[in-house]
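> Quick one, structure for this:
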Amino acid sequence: MPPRFPSQVILRGVCRAFGRTFALHRVDLTLQAGQAIGIVGDNGAGKSTLLDLLATTDRPTSGTIVYDDVSRQHFARRARHRIGWVSHHKLLYDELTARENLLFFARMYGVDNPADRVASWLERVGLAADADRRVRNFSRGMTQRLTIARALIHNPQLLLFDEPATGLDQQGGRFIVDLLRTLRDRGRIVILVTHDFDLLDGLVDRLVILRRGQITYDHPVEENKRIIDVYRTHA
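You can find the predicted model right below:
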């Protein structure tokens, strides 16, 4: 099997300014395959801006982002399909059914055997019985499950999740944890932004705390230590 790409993402001196205000300031960060990294911080700390930069939908004001040995610009042009992104925008078509939505994205990404892949993901996210219902009739939790399937249908390597448990019940939260743990163990780079500290416990290997656009903490998670306690100490 060929090596996964990217196997690491490196940010050096990354700044993102909007006018005279810095959303991110001199961020140094290395993200490795096989890791689940939790990104936490207060509102306005720069978390979503960081995900936008990693997803190549925005560009830094200064500094560099390198995907393995490939520049951000080249990665954005040639390899953006290696990213799976769950953001605050569901990126689904309300007038299409769940199956039709996933088939659209599977075909767009050139997925082999798209119908089989779609059926597999509908089953995996618990929507097999609702596959042919229009998305406009879905609950918030069902929509979030479909959004997750949409982000992963093409087997991406770099996974960006912004509040992935939004709208999910307790069972859905457990599903997310199990899914992300499996993806991490299969060598993906998993980046998780959330205010739900319980979701991070037992899942992330590393915790990054952002405060006013700067990293104030970046360390492996210690066994038997609650994320919320680490955050209260270092935020």
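> Quick check: phi and psi at the residue positioned nearest the centre of the chain.
Nearest to the centroid of the C-alpha atoms of the chain, with distances taken as Cα atoms, centre = their mean, sits residue 160, at 1.5 Å. Note on residue 160: its backbone torsions stand at phi -120, psi 120 [degrees, to the nearest 10].
> Using the three-state scheme, assign the residue lying closest to it once chain neighbours are set aside.
When the adjacent residues along the chain are set aside, residue 160 lies closest to residue 85, with 4.6 Å between them (Cβ to Cβ, 6 or more residues apart in numbering). (C-beta placed from N, C-alpha, C; glycine too.) Using DSSP: H, G, I helix; E, B strand; the rest coil as the criterion, the local structure at residue 85 reads strand.
> I'd like the distance between residue 85 and residue 150.
Summarising the geometry, the distance separating residue 85 from residue 150, computed by Cβ to Cβ, to the nearest Å, is 10 Å.
> what residue ranges in this structure score low on pLDDT?
Low-confidence segments of the chain, defined by pLDDT under 70, span residues 1-3.
> how about the strands in it?
Listed in chain order, the strands found in the chain under DSSP state E are 8-18, 21-32, 35-40, 62-67, 70-71, 83-86, 158-162, 189-193, 206-211, 214-220.
> Just say which of those strands is most tucked in.
Comparing those on average neighbours per residue, with mean count of other Cβ atoms under 10 Å, the densest one is strand 189-193 at a mean of 25.
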